[in-house]
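>>> mind folding the following:
(one chain, ligands or ions: 1)
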Amino acid sequence: MVKLLKYLKSKERNEILFCLIFIVIQVWLELKLPDYMSQITTLVQTPGSEMSEVINAGVYMVLCALGSLISAISVGFFAARLAASFSQILRSELFDKVSSFSMGEINQFSTSSLITRSTNDVTQIQMFVTMALQLAVKAPLMAIWAVTKIAGKGIEWSIATGVTVAILMVLVSLIIALVIPRFRKMQTLTDNLTRITRENLTGLRVVRAYNAEDYQKNKFDGANDALTDNNLFTNRAMSIMMPVINISMSGLSLAIYWIGASLINVAQLNERLTLFSNMVVFSSYASQVIMSFIMMVMIFIMYPRANVSARRINEVLNTKPSLTYGDKEEGLDNLRGVVTFKDVSFKYPDAEEYVLKDINFTVNEGETIAFIGSTGSGKSTLINLVPRFFDASEGEVLVDGINVKDYKKESLLNKIGYVPQRAVLFKGTVGSNISFGDNGSGEDYNENDVKKAVEIAQSKDFVEKMAGKYDALIAQGGTNVSGGQKQRLSIARAIYRKPEIYIFDDSFSALDYKTDRVLRNKLKKETSNVTSMIVAQRIGTIIDADQIVVLDEGKIVGRGKHKELLKTCEVYREIAMSQLSEEELA
Ligand SMILES: Nc1ncnc2c1ncn2[C@@H]1O[C@H](COP(=O)(O)OP(=O)(O)OP(=O)(O)O)[C@@H](O)[C@H]1O
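Numbers count the residues shown, from 1 in each chain. Got it, this is the predicted structure:
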């Protein structure tokens, strides 16, 4: 938890200082109250006391209570402000950190856990900081201050207070020891629940189509019950705590008055008044000691859960992204859109087997290189090494003659227009989704460029029919457009970027054959100097490519043009024969 404090900025540090000042004032004023009470008791019991003196002491008491109230409100105000801005900082740090992760790190934590860590865990910290700021300093300060006030006022009462605190310590420690493991489990169980909920919502159509609602419900109920049982256990244990504390407090008051009564009974007449006054004061301060104790217990209760959350947040924040970047902004002179793979091999983090082995090729400016092969042969993995979603385990990936690892992040990615296998659209408008291609320029886009990109991507017809045209709304995940339309908008986004290299990861398979052909021809005509790397399943999509690379189990088993490969590569011929007619093959 302490490690997280380094993220506090000077504004928040000042707020902590204000909190501490007000806490000291509050405790001092609260502990003044019994003094005035004792003064009033003595005045009332002393014959000849002036009424004005009693009223004076009463007024001071009211002023102290008011001052204490104002201080408590100020502490609450600053604590809430600090906790809110602290959690804002943490959320923002987490967001930035996760954005810098490679796919390997995202997979290591899992998306649902990263969501819980950025939301629920941060909320736990926020709640704890609000409470702890108000109580963590106040409780021990009040306890020590109150103890110094009652010290020497009566050994019997001190023993009674000491015994009560000792009994309370034992009981509360037992309860806390019982619940801490459950608090630790809470966040993992919440992760689990988030994962199942997320999976169910994103896969809702499949769940419905296969009548798997009951199966999903059972999984959800399992996770929900586990979390509920855990919560119930901790809540039941905690519910014992308050009565225990209340009984102890009442027992202590009873003991103090009982001891006081016995002492007064045997005391000399002139000592009785002092004893009575001491008893009243002692009882008040003893209550303050117990109150401090309750406050400390509350912190102990909240701490384990907040600490688990802090650890989970720290795990993310302390993870060093495996991707480090160089300082190159440009490639070698005269090179543009040139991609070279030199003896590249790759295996996924924690995997035993290589997914790519000894990959070598070069593609030059304006050329089209296509990758084909059976499913799982490593096509997507190969092209993912260019924008550095993963880094090559061995060998080098060069863009314009420079290793991709030596570029600045922006410089490398500005050269690339990437279209993923599954199109991704964001909530916004057609325009904002396409202009996302220009480093997320959002609503502030160049309308002509958007129109041009939409036209090349064969999307003009349907976009201009949408209500609002380029300002038409796109739902989260692009659920209000068809799969093919989504893919075309995603291609338009890459075109809007004006890159040196297009990377199409099986992006044309959602298009019908005619649109696929027209789109590629138009793209070739309008952006002839841009290099294209295309992963495809359809021979038709890559038949005109300058180079076709045939992959089988992560190895290149053929390379050349369509006609050459038909003659030289068995794997390619098999794929071609399964898709093309005799005439087309001839
Ligand atoms: N994140 C990952 N972690 C571990 N292994 C992975 C991961 N992604 C893919 N693989 C494995 O790597 C191999 C190649 O996968 P890849 O997605 O590159 O194949 P592909 O040729 O693009 O397949 P498809 O045509 O079906 O998209 C597969 O065996 C797959 O199981």
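
>>> avg pLDDT for the helix or strand hosting residue 205?
Here residue 205 is covered by helix 204-209, with elements defined by DSSP states H and E. Per-residue pLDDT values over helix 204-209 give a mean of 90.

>>> which parts of this protein are strands?
Remark: strands of the chain, listed N- to C-terminal, are 339-346, 356-363, 368-373, 394-399, 402-403, 416-419, 428-429, 473-474, 501-505, 531-535, 547-552, 555-560; assignment by DSSP state E.

>>> next, format those as TSV and append distance to residue 164 and mean pLDDT.
C-betas here are computed from N, CA, C, even on glycine. As requested, these are exported to TSV (distance: least, CB to CB, whole Å; pLDDT from 0 to 100):
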stretch	distance to residue 164	mean pLDDT
strand 339-346	67	94
strand 356-363	71	93
strand 368-373	77	93
strand 394-399	70	94
strand 402-403	71	94
strand 416-419	68	92
strand 428-429	63	87
strand 473-474	65	86
strand 501-505	70	93
strand 531-535	74	93
strand 547-552	76	93
strand 555-560	77	92
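
>>> can I get those in CSV with mean neighbour count?
Listed next are those as CSV, based on neighbours: other CB atoms under 10 Å:
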stretch, mean neighbour count
strand 339-346, 19
strand 356-363, 18
strand 368-373, 24
strand 394-399, 20
strand 402-403, 18
strand 416-419, 23
strand 428-429, 20
strand 473-474, 18
strand 501-505, 23
strand 531-535, 25
strand 547-552, 23
strand 555-560, 18
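
>>> would you turn the ones you listed into TSV with distance to residue 245?
Written out in TSV, the entries for the strands of the chain read as follows (distance: least, CB to CB, whole Å):
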stretch	distance to residue 245
strand 339-346	61
strand 356-363	64
strand 368-373	69
strand 394-399	64
strand 402-403	65
strand 416-419	60
strand 428-429	54
strand 473-474	56
strand 501-505	62
strand 531-535	66
strand 547-552	69
strand 555-560	71
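
>>> for residue 128, which of these is the nearest?
With respect to residue 128, and counting by CB to CB, the nearest of these is strand 428-429 at 36.1 Å.

>>> what lines up beside the closest one in the sheet?
Based on DSSP bridges, the strands next to strand 428-429 in the sheet, each with its direction, are strand 473-474 (antiparallel).

>>> off-centre distance for the partner strand?
When C-alpha coordinates are averaged (CA atoms, centre = their mean, to the nearest Å), strand 473-474 and its chain have centres 26 Å apart.

>>> what sits up against that strand?
For strand 473-474, contacts defined as CB atoms under 8 Å, 6 or more residues apart in numbering pick out 425-430, 432-433, 480-481, 489.

>>> nearest to residue 269 among those?
For these, the closest approach to residue 269 (CB to CB) belongs to residue 427, at 83.8 Å.

>>> quick one, what contacts the closest one?
Residue 427 makes contacts with 474-477, as judged by CB under 8 Å, 6+ apart.

>>> out of those, which end up buried?
Burial by neighbour count, judged by 16 or more other CB atoms under 10 Å, picks out residue 474 from these.

>>> out of the contacts of residue 427, who's nearest the ligand?
residue 477 (20.3 Å; CB to the nearest ligand atom).

>>> who are the contact partners of that closest one?
Contact analysis of residue 477 by CB under 8 Å, 6+ apart lists 424-425, 427.

>>> of the contacts of strand 473-474, buried ones?
425, 428-430, 432-433, 481, 489.

>>> Serialize these to CSV and add fields for distance to residue 512.
Written out in CSV, the entries for those read as follows (distance: CB to CB, whole Å):
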residue, distance to residue 512
425, 20
428, 27
429, 26
430, 21
432, 27
433, 22
481, 15
489, 16
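
>>> any chance of those in TSV, with distance to the ligand too?
Listed next are the buried ones among the contacts of strand 473-474 as TSV, based on distance: CB to the nearest ligand atom, whole Å:
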residue	distance to the ligand
425	20
428	28
429	30
430	28
432	29
433	24
481	23
489	21
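
>>> quick check: the farthest pair among these?
Taking every pair in those and measuring CB to CB, the maximum separation is 14.0 Å, between 432 and 481.

>>> related to what we said a few turns ago, so which of the strands of the chain is nearest residue 195?
Each of the strands of the chain was checked against residue 195 via CB to CB, and the shortest separation belongs to strand 501-505, namely 25.9 Å.

>>> ok, which residues in the stretch 451-586 of the chain are in contact with the ligand?
When proximity is defined as CB under 6 Å from any ligand atom, the stretch 451-586 of the chain approaches the ligand at residue 506.

>>> verify the stated contact: residue 156 with residue 261.
No - Residue 156 sits out of contact with residue 261 when judged by CB atoms under 8 Å, with a separation of 11.5 Å.

>>> out of the buried ones among the contacts of strand 473-474, which one sits closest to residue 299?
Within these, the smallest distance to residue 299 is 44.2 Å, found for residue 428 (CB to CB).

>>> grab the nearest non-local neighbour of the closest one.
The shortest distance from residue 428 to any residue that is not its chain neighbour, by CB to CB, 6 or more residues apart in numbering, is 5.7 Å, and that residue is residue 474.

>>> skip the chain neighbours and tell me the closest residue to residue 345.
In space, residue 345 is closest to residue 394, 4.2 Å off (CB to CB, 6+ apart).

>>> any idea of the pLDDT on the residue most central in space within the chain?
With distances taken as CA atoms, centre = their mean, residue 118 lies nearest the centre of the chain, 1.9 Å away. With respect to pLDDT, residue 118 scores 91.

>>> hmm, it is touching residue 91, no?
Yes - taking contacts as CB under 8 Å, residue 118 lies within contact range of residue 91: 5.9 Å.

>>> residues in this protein within reach of the ligand, list them.
Applying the criterion CB under 6 Å from any ligand atom, the portion of the chain that neighbours the ligand consists of 107, 348, 351, 355, 373, 375-381, 506.

>>> now the buried members of the residues you listed.
Applying the neighbour count, that is 16+ other CB under 10 Å, the buried entries in these are 355, 373, 377-381, 506.

>>> shaky segments in the protein?
Residues of the chain that meet the criterion pLDDT under 70 lie in 439-443, 582-586.

>>> contacting residues around residue 483?
Residues counted as contacts of residue 483 (CB under 8 Å, 6+ apart) are 423, 510.

>>> how close does residue 57 get to residue 49?
Distance, residue 57 to residue 49, by CB to CB, to the nearest Å: 10 Å.

>>> residues that sit against both of these two, list them.
With contacts taken as CB under 8 Å, 6+ apart, the residues that reach both residue 57 and residue 49 are residue 43.

>>> looking at these two, which one has more neighbours?
Shown here are residue 57 and residue 49; by other CB atoms under 10 Å, residue 57 has more neighbours (18 against 13).

>>> I'd say that one and residue 41 touch.
No - under the criterion of CB under 8 Å, residue 57 lies out of contact with residue 41, with a separation of 9.8 Å.

>>> picking up where we left off before, would you check that the residue nearest to residue 345 makes contact with residue 343?
Yes - the pair residue 394 and residue 343 qualifies as a contact (CB under 8 Å) at a distance of 6.8 Å.

>>> and the residue of the stretch 51-200 of the chain that's closest to the ligand?
Counting by CB to the nearest ligand atom, the stretch 51-200 of the chain gets nearest the ligand through residue 107, at 5.8 Å.

>>> what sits against that residue?
Under the criterion of CB under 8 Å, 6+ apart, the neighbours of residue 107 are residue 349.

>>> any idea how far it is from residue 323?
In this structure, residue 107 and residue 323 are separated by 14 Å, where distance is defined by CB to CB.

>>> could you do residue 30 as well?
Separation of residue 30 from residue 323 (CB to CB): 55 Å.
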